[in-house]
Each structure stands twice: as structure tokens, then as C-alpha cells.
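Peer 1: Give me the fold of what follows.
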Amino acid sequence: MTDVARSAFGRVGIWTMAYEGHPAGRVRESAAELEELGYGAIWHGEAFGRDTVGQAWLLLAATRRITVASGIANIAYREPISLAAAERTLGEAFPGRYLLGLGGHRVDETVHHVDGFPVPTRGKAVTTMRSYLDALDAAPAHGPVPDPAPRRVLAALGPRMLELAAARTWGAHPYFVPVEHTVQARRIMGPEAFLGVEQAVVLDTDVDRAREVATAHVAMYTVGAPHQAASMRRLGFGDEDLVGGPSRRLVDAIVAYGDMDAVVRRVRQHLDAGADHVCLQVLTADPAALPEREWRELAAALLPGPRRDPAPPAGPRV
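Peer 2: Here you go, the predicted model:
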């Protein structure tokens, strides 16, 4: 990745699912503030709220320069021909500002066609993702071509998916990983691939209370997300860390919690380990609330200050 691309993306961003539960007007206000605070990117998850493409458009239209990244667009939810068209549209309307993060699982073995266009084979994760990328690239394009072309990253955890991310996309967006994974990911992908790491944080000087929030977050993934549990096992965590609730060792590895120094230290560790960008997911006792106080405090501690440079109009190109 070039120094110019790294600088444009920024070293620190925000990752959030909380926007899904708030009205569009509230989301616009919040996104504009994150940009003003100086964050390099807003990463938005996708579950059962807004469609990732609609959410991206909402955030891009509310801001002027910040990168908006899907973290991730779930390939199980949409056929590649539809996502390719949406990617081109966002890339044309907001040049250089949209990053398509891809992940998720298409587990059945059905192969079919949509309007004569082949849908990728569904099966093992790496094979399926490679096929999905092939289908994105092969999707017919009519009309304006985005310049620059939108970037893509993969929600890569295991070695083979990290290799695919480096070979076929801009890089990787690992989620729910300790610093040790960042070290391995950089070694596997090489020096040029982008590495944007999600880091969960709890800002609460009551350490016991902070650890309780952190533990609930980690338990949600170790119990309900087999691929995350498998990732932890590859990193040396065992039954004593995963079965019957997450161990203190695992919680401490995944979540930075306590005072601001603990968060700043963890961000620095990821950057020193080879990450180009760290996106912070703020955890609180109320997952639906927008943690705006924490976002402001993190910006004050981690960013050089609000950006005041001239910016183009906020709206899309017409």
C-alpha cells in the first residue's frame, strides 16, 4: 500500500453496529461529527438493520472526505451481480471514499444462474470467496466507470484467506483478533497489502465493570460464531479459554478495557505489529446507544485534532 493511500485512509477509525438502530437524521449528525473529530474511516457492520449499501450511501452523503467502509457486506445476503452494481454506483458518486469489505458464509452447495449470470459455487470459505470475487469481476458493467475504482478488503482470519486477500484485494479487515494475529497477518500478506484491524474497547475506570462488558462481548462470539472460536484455537487458545465462558486471558487479548492508557497502548501495539489502520469498536452496557462521549474522548487521545481543510460538497456527483 502506498504512503498516499495510507495517509488518506488514516491510522484510526471507528467501527460500529449502533447506527442500525437510529434514525437516518441522527446517523447523519453523528457521522459528520466523527469526520470533524479527525477519524480516518467509519466502518459499519451489517446484521438485521439497514442494508450495507443503503447504510454506506447514508454515511457518505452526510460527510465530505472520510472513508466509509463496509465491515462487512455479507456475501450470503446478496448475489455478486447486485453488489458489483452497487459498488460501482457508490464509487462513481463518492470517488475514492468507499471501501467494500467482504465476508460471511455461503454454505450450501447449490449452483444456479440469475438471468444467465453464473452465481458462484458455495462451499468452503476460501473457495467460495474466490468464486465470489471472480463473479464480482465478471459482472457486466454499463454506464460510467468509477475513477478511482473502489477498493475491496476481505474479513480474513485464517492463513489461506489472508493470502487470498493479499492476492485479489487491497487487503484484509480482521475482526475479533488479538495483536498476535496482526503479527501473523502482516507476515502472511507481505508489506504492501492493507491491514485494517478491528479493536473492541471499553472505556471505564471501574475495571471490574469494564471487564464484565468485555466478557459479555467475547462470550457472544466464542459461543455463537464457530469461525471465531476456530480462529482463537489457531492462535493457541484452548478449551480452558473457550468452553464454559471465555477465560480472563482471552478477554484481555480481544478487548482493551479500563482507562484511556490501556486503549492507546493497544492501538500502538497493533500499529507496531504491522497494522495500517485500527478501527475502534466502543463497547458499553447498552449496545444500542451511540457511544459519542467515548468517541470524542478517543479522538482527543489518539488523533491530532479536528481537520479544518477545505472539502468538496457533501452530496454525490450528479
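Peer 1: What segments of the stretch 201-318 of the chain are strands?
Peer 2: Assigned by DSSP state E, counting those that start in this stretch, the strands in the stretch 201-318 of the chain fall at 255-258, 277-282.
Peer 1: Output these in a markdown table, with mean neighbour count appended to each entry.
Peer 2: No exception for glycine: its C-beta is placed from N, CA and C like everyone else's. Formatted as a markdown table, these follow (neighbours: other Cβ atoms under 10 Å):
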| stretch | mean neighbour count |
| --- | --- |
| strand 255-258 | 24 |
| strand 277-282 | 24 |
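Peer 1: how about those strands in a markdown table, adding distance to residue 179 and mean pLDDT?
Peer 2: Shown next, in a markdown table, are the strands of the stretch 201-318 of the chain (distance: least, Cβ to Cβ, whole Å; pLDDT from 0 to 100):
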| stretch | distance to residue 179 | mean pLDDT |
| --- | --- | --- |
| strand 255-258 | 10 | 98 |
| strand 277-282 | 10 | 98 |
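Peer 1: List the contacts of residue 296.
Peer 2: residue 37 (Cβ atoms under 8 Å, 6 or more residues apart in numbering).
Peer 1: meant to ask about residue 205, not that
Peer 2: Residue 205 neighbours (Cβ under 8 Å, 6+ apart): 258, 259.
Peer 1: got it, and the one 5 residues further on?
Peer 2: For residue 210, the contacting residues are 202, 203, 204, 257, 258, by Cβ under 8 Å, 6+ apart.
Peer 1: Just the closest of those to residue 303, please.
Peer 2: residue 203 (15.2 Å; Cβ to Cβ).
Peer 1: Give the bridge partners for that closest one, please.
Peer 2: Taking DSSP bridges as the rule, residue 203 bridges to residue 258.
Peer 1: I figured it was touching residue 282, is that so?
Peer 2: Yes - Residue 203 lies in contact with residue 282 (Cβ atoms under 8 Å); the separation is 6.9 Å.
Peer 1: Next, show the common contact partners of those two.
Peer 2: Among the neighbours of residue 203, those also in contact with residue 282 (Cβ under 8 Å, 6+ apart) are 294, 298.
Peer 1: Would you map the helices across the stretch 1-150 of the chain?
Peer 2: Along the stretch 1-150 of the chain, the segments classed as helices by DSSP state H, counting those that start in this stretch run 3-9, 24-37, 52-62, 80-93, 125-138.
Peer 1: deepest of the ones you listed, which one?
Peer 2: helix 52-62 (a mean of 21; mean count of other Cβ atoms under 10 Å).
Peer 1: which outside residues touch that one?
Peer 2: Residues from elsewhere that reach helix 52-62, judged by Cβ under 8 Å, 6+ apart: 19-20, 24, 27-29, 31-32, 42, 44, 46, 49-50, 68, 70, 72-74, 77, 83, 86, 90, 93-94, 97-98, 314-316.
Peer 1: give me that answer again for 7 Å
Peer 2: Here helix 52-62 makes contact (Cβ atoms under 7 Å, 6 or more residues apart in numbering) with 19, 24, 27-28, 31-32, 42, 44, 46, 68, 70, 73, 86, 90, 94, 97-98, 314-316.
Peer 1: what's next to stretch 236-251, contact-wise?
Peer 2: Under Cβ under 7 Å, 6+ apart, the answer for stretch 236-251 is 211, 214, 215, 218, 219, 222, 229, 232.
Peer 1: Cool, thanks, talk later.
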